[in-house]
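*Asks:* model the following, please.
(2 chains)
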Amino acid sequence: MNIAPLGLVAAPLAGRVPAQRAQVSSGQLLTACRLAWERDGRLVALWGSDERDLHRGFCLRVVLEDPEGLTLLEHTLRDDRSRYPDLTPIFPAANRMQRATYDLLGIAAESDDQRPWLWTAGHATHAFPLRRDFAPTAEMPDEQHEYAFVRVDGEGVHEIPVGPVHAGIIEPGHFRFQVVGEKVLRLEERLGYTHKGVEKRFESMTIDDGARLIGRVSGDSTVAYACAFAEAVEAAASFVPPARARWIRALCLERERLANHLGDIGAIGNDAGFAFGLAQFSRLREDILRLNEAAFGHRLMMDIVVPGGLSRELGFEHVHAMHDEADRVARQIVRLRGIYDEHAGVQDRFRNCGRADPKLARSLGLMGLAGRASGQARDIRCDFPSAPYDLLEVRLATHTAGDVWARVAVRFDEALESARLIGTITTALLDPATKGPVHAPGPDLPADRISLGYVEGWRGPVLVALEIGEGNVIRRCHPQDPSWCNWPVVEHAVIGNIVPDFPLINKSFNLSYSGQDL
Amino acid sequence: MYETLRQIVRVGIRSERAPAPTAEDVVVRRLHEDILRTLGRALALRHVDAGSCNACELESQALSNPYYNVEGLGIRYVASPRHADALMVTGPVTKNMAVALRRTYDAMPEPRLVIAVGACASGCGVYGANYATVGAVSEIVPVDVAIPGCPPSPVSLLQGILAAVGASAAKPR
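*Replies:* Numbers count the residues shown, from 1 in each chain, chains lettered A, B, ... in the order given. Sure, this is the predicted structure:
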């Protein structure tokens, strides 16, 4: 995005995705966001940092993505009495990010909605953990408060509270339904239950410890986060990891995508009453995890991708096994997809259920696989391909129906595509040309530098923003999950559906709680 | 329907024998006896995520896949703590989940078991002690068995469940 017409000076940011940064005033922040929106751009992340020790007050950072790349806008607030402009009129998804930024840092937007976001158990109005003078283990003062849910009034309207403890084996969150009969009039989500101080924990961590922690921001996306973190570290040091490591990273990313999509397709089928689907797809998923265990020593591939490359080599025999498996799994997926497509009961539950049409998806900023099911044809692997994706020609999967069916269809398409990519990557890895080391120690990291890592995880774009301090330690690390932008869309997608369809709709989005609560 | 049935026949039965805490098969055979002696029926598990990263949940879900087939061992996950014999807790127990965890435990009938699943729940997770967490599950509710691992594999989970049932069976009444 060319921001020169706004009178802004953009400095390029090193990294695998084209990116720039610019200092902005509050007025420029708004005009830049508006410009991005007009250029088909979207909000990716919003967070704040305490930079009072560097005599810069607080810094609000906003990352926008448009077809030309990422733009990092930095807006300095002199102190915590200064406010920054409310971005929700342009990007509605900013609402919860702004509220979380206040909870953690005590800097507020000029917004009408100042409800706490993260403090579900008690509300501390005067303790802000991400300030640098807040000790990590300091007690948070408990102030019980009633959270102001939006209520619907009228004859026959009643309220169903659900959670934070759910009936299945899933993450905790609270859902407040306002219903008439079985029909949902309104849903309000209340998250934050898994907030465990991850961002505070990153402060002063070494890069190695940080690499371990980033892999546990959201366990289902451990490879995506590890890749984004590694890319951010490598970008800060202007360092390119060995070619073989990049090939294996892509292999891990695609295996993560494939395993999650298979698990989801089975679970969504099960939520529509088709237990056969769960049995079949959970078996395929287990096969993949077992091969991960054999090849990498970890079923979910945690701690494999590290800054500088990989923590271990991938054996020749396992590359062969993955190649054969990809072929086998693809054939099974095709066969099972036929069964799903032919099953009238399943199709009846999937079609027109939990719809987010393309217009709604665009206005709310729906991203990732759910976005692609609602006509938002964006995928970092296709839009900004970096090695080895520049050689792979990833086929973007997209549908416009925006319902459960479309989210399942995108998963089927992407699972098949991932299987194809695994086949291509493993073929490349067997080629003597890709022989070589999988890790190279990087140079020392320059202090006071910010860098970004941006990776298409199975759920959507994962961003890691990293600031390195003196002595190769992390000063601030902010991971941003696509769930921030997608959760609000679920509230809209369930309107007019019946309550018993909520688990099905929710599973079809399958958003992260931990990745967002941090 | 024909294709569905054909696929079922083609795949066949993939369930594996339950893992033994030791290599001795006799321990596996004792599982049903232990469950029956302790609880008089099948084992009903209730899961609570007290702030985990979701990896422990993925592996707990995997227990229900055809390979591990825990339902075949008489173990099943239930939707309410009031139906549960054992509570499986994951995560570093966030301040935000502490009350919900305590209330879930309080809602369970006796005798009840608590299994702390994974490094975080056992008190040695990657998140450490900080303003947002209360620490290991044992800080909130009594824990019978802690299963290490980040995350524990389904086999470790099954071994942990067996250990909890075994320990409970050995308790004097």
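
*Asks:* now the closest residue to chain B within chain A, nearest residue through space, not along the chain?
*Replies:* Per CB to the nearest CB, residue A:219 is where chain A lies closest to chain B, at 2.7 Å. C-beta coordinates here come from the backbone N, C-alpha and C atoms, glycine included. Nearest residue to residue A:219, sequence neighbours excluded (CB to CB, 6 or more residues apart in numbering or on different chains): residue B:55, at 2.7 Å.

*Asks:* before we move on, back to that, list the residues that contact the residue of chain A closest to chain B.
*Replies:* Counting by CB atoms under 8 Å, 6 or more residues apart in numbering or on different chains, residue A:219 makes contact with A:300, A:302, A:514, B:52-58, B:151.

*Asks:* look at it and report its pLDDT.
*Replies:* If you check residue A:219, the pLDDT there is 95.

*Asks:* re the thing from before, next step: the contacts of residue A:219 restricted to strands.
*Replies:* Among the contacts of residue A:219, no residue falls in strands (DSSP state E).

*Asks:* nearest to residue A:102, of the residues you listed?
*Replies:* Of all those, residue A:102 sits closest to residue A:514, with 21.0 Å by CB to CB.

*Asks:* so what's that closest one up against?
*Replies:* A:171, A:194, A:217-219, B:51-54.

*Asks:* swap in residue A:179?
*Replies:* Residue A:179 is in contact with A:157-160, A:185, A:499, counting by CB under 8 Å, 6+ apart.

*Asks:* ok, longest helix in chain B?
*Replies:* For chain B, the helix with the greatest residue count under DSSP state H is helix B:154-170.

*Asks:* need the residues that contact the helix or strand hosting residue A:70.
*Replies:* In the assignment (DSSP states H and E), residue A:70 maps to strand A:69-77. Strand A:69-77 has contacts (CB under 8 Å, 6+ apart) with A:1, A:3, A:10, A:13, A:17-26, A:28-29, A:32-33, A:36, A:41, A:44, A:51, A:56-65, A:83-84, A:107, A:384, A:450, A:452, A:454, A:465.

*Asks:* mind redoing it with 7 Å?
*Replies:* For strand A:69-77, contacts defined as CB atoms under 7 Å, 6 or more residues apart in numbering or on different chains pick out A:1, A:3, A:13, A:17-24, A:26, A:29, A:32, A:36, A:56-64, A:84, A:107, A:384, A:452, A:454.

*Asks:* which is the succeeding secondary structure element to the least confident helix or strand in chain B by mean pLDDT?
*Replies:* In chain B, the helix or strand scored least confidently by mean pLDDT, DSSP states H and E is helix B:25-39, which has a mean of 56. Sequence order places strand B:43-49 as the next helix or strand after helix B:25-39, per DSSP H and E.

*Asks:* on that earlier part again, ok, the contacts of residue A:514 vs residue A:474, which is closest?
*Replies:* Distances from residue A:474 to the contacts of residue A:514, taken as CB to CB, are shortest for residue A:217 (13.7 Å).

*Asks:* on that earlier part again, what angle separates the longest helix of chain B from strand B:43-49?
*Replies:* Angle between the axes of helix B:154-170 and strand B:43-49 is 120 degrees (criterion: axes from the mean of the first three to the mean of the last three CA atoms, to 10 degrees).

*Asks:* find the closest residue to chain A in chain B.
*Replies:* Taking CB to the nearest CB, chain A has its nearest neighbour within chain B at residue B:55, 2.7 Å off.

*Asks:* and stretch A:475-493, is it in reach of chain B?
*Replies:* No. Using CB under 7 Å from any CB of the partner chain, stretch A:475-493 stays clear of chain B, coming no nearer than 11.1 Å.

*Asks:* so the most centrally placed residue in chain B: helix, strand or coil?
*Replies:* Residue closest to the average C-alpha location in chain B (CA atoms, centre = their mean): residue B:88, at 4.6 Å. Under DSSP: H, G, I helix; E, B strand; the rest coil, the three-state class of residue B:88 is strand.

*Asks:* check the contacts of residue A:179 for burial and list the buried ones.
*Replies:* The neighbour count (16 or more other CB atoms under 10 Å in any protein chain shown) marks residue A:499 as buried among those.

*Asks:* re earlier: quick one: residues contacting the residue nearest to the centre of chain B.
*Replies:* Going by CB under 7 Å, 6+ apart, residue B:88 touches B:45, B:47, B:60, B:115, B:117.

*Asks:* which of those residues lies closest to residue A:346?
*Replies:* For these, the nearest to residue A:346 is residue B:60 (25.4 Å; CB to CB).

*Asks:* how about that closest one, nearest residue that isn't a chain neighbour?
*Replies:* Leaving aside its sequence neighbours, residue B:60 sits nearest to residue A:169 (CB to CB, 6+ apart; 4.9 Å).

*Asks:* and the pLDDT at that neighbour?
*Replies:* Residue-level pLDDT assigned to residue A:169 equals 92.

*Asks:* ok, back up a step: which among the contacts of strand A:69-77 count as buried?
*Replies:* A:1, A:3, A:13, A:17, A:19-22, A:24, A:29, A:32, A:36, A:58-64, A:84, A:107, A:384, A:452, A:454.

*Asks:* which ones among those residues lie within strands?
*Replies:* A:13, A:19-22, A:58-64, A:452, A:454.

*Asks:* can I get the residues you listed in a markdown table including pLDDT and distance to chain B?
*Replies:* Listed next are those as a markdown table, based on pLDDT from 0 to 100; distance: CB to the nearest CB, whole Å:
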| residue | pLDDT | distance to chain B |
| --- | --- | --- |
| A:13 | 91 | 28 |
| A:19 | 94 | 27 |
| A:20 | 95 | 32 |
| A:21 | 94 | 30 |
| A:22 | 95 | 33 |
| A:58 | 96 | 19 |
| A:59 | 96 | 22 |
| A:60 | 96 | 22 |
| A:61 | 97 | 22 |
| A:62 | 97 | 25 |
| A:63 | 97 | 23 |
| A:64 | 96 | 28 |
| A:452 | 95 | 22 |
| A:454 | 96 | 21 |
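
*Asks:* farthest-separated two in the residues you listed?
*Replies:* So, these by CB to CB: farthest apart are A:58 and A:454, at 24.1 Å.

*Asks:* re the thing from before, now that we have the contacts of residue B:88, which one has the most neighbours?
*Replies:* For the contacts of residue B:88, neighbours were counted using other CB atoms under 10 Å in any protein chain shown, and residue B:117 has the most, 33 neighbours in all.

*Asks:* wait, does the helix or strand where residue A:326 lies contact chain B?
*Replies:* Using DSSP H and E, residue A:326 sits in helix A:316-342. Yes. Using CB under 7 Å from any CB, helix A:316-342 comes into contact with chain B via A:335, A:338-339, A:342.

*Asks:* what helices and strands are in contact with that helix?
*Replies:* helix A:275-296, helix A:404-430, helix B:2-11 (3 or more CB pairs under 7 Å, 6 or more residues apart in numbering or on different chains; DSSP states H and E).

*Asks:* list the buried residues for that helix?
*Replies:* Neighbour-count burial for helix A:316-342 [16+ other CB under 10 Å]: A:318-319, A:322-323, A:325-326, A:329-330, A:332-333, A:336-337, A:339-340.

*Asks:* check contacts around the residue nearest to residue A:219.
*Replies:* For residue B:55, the contact set (CB under 7 Å, 6+ apart) comprises A:219, A:300, B:151.

*Asks:* could I get those as JSON lines with distance to residue A:389?
*Replies:* As requested, those are exported to JSON lines (distance: CB to CB, whole Å):
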{"residue": "A:219", "distance to residue A:389": "24"}
{"residue": "A:300", "distance to residue A:389": "22"}
{"residue": "B:151", "distance to residue A:389": "29"}
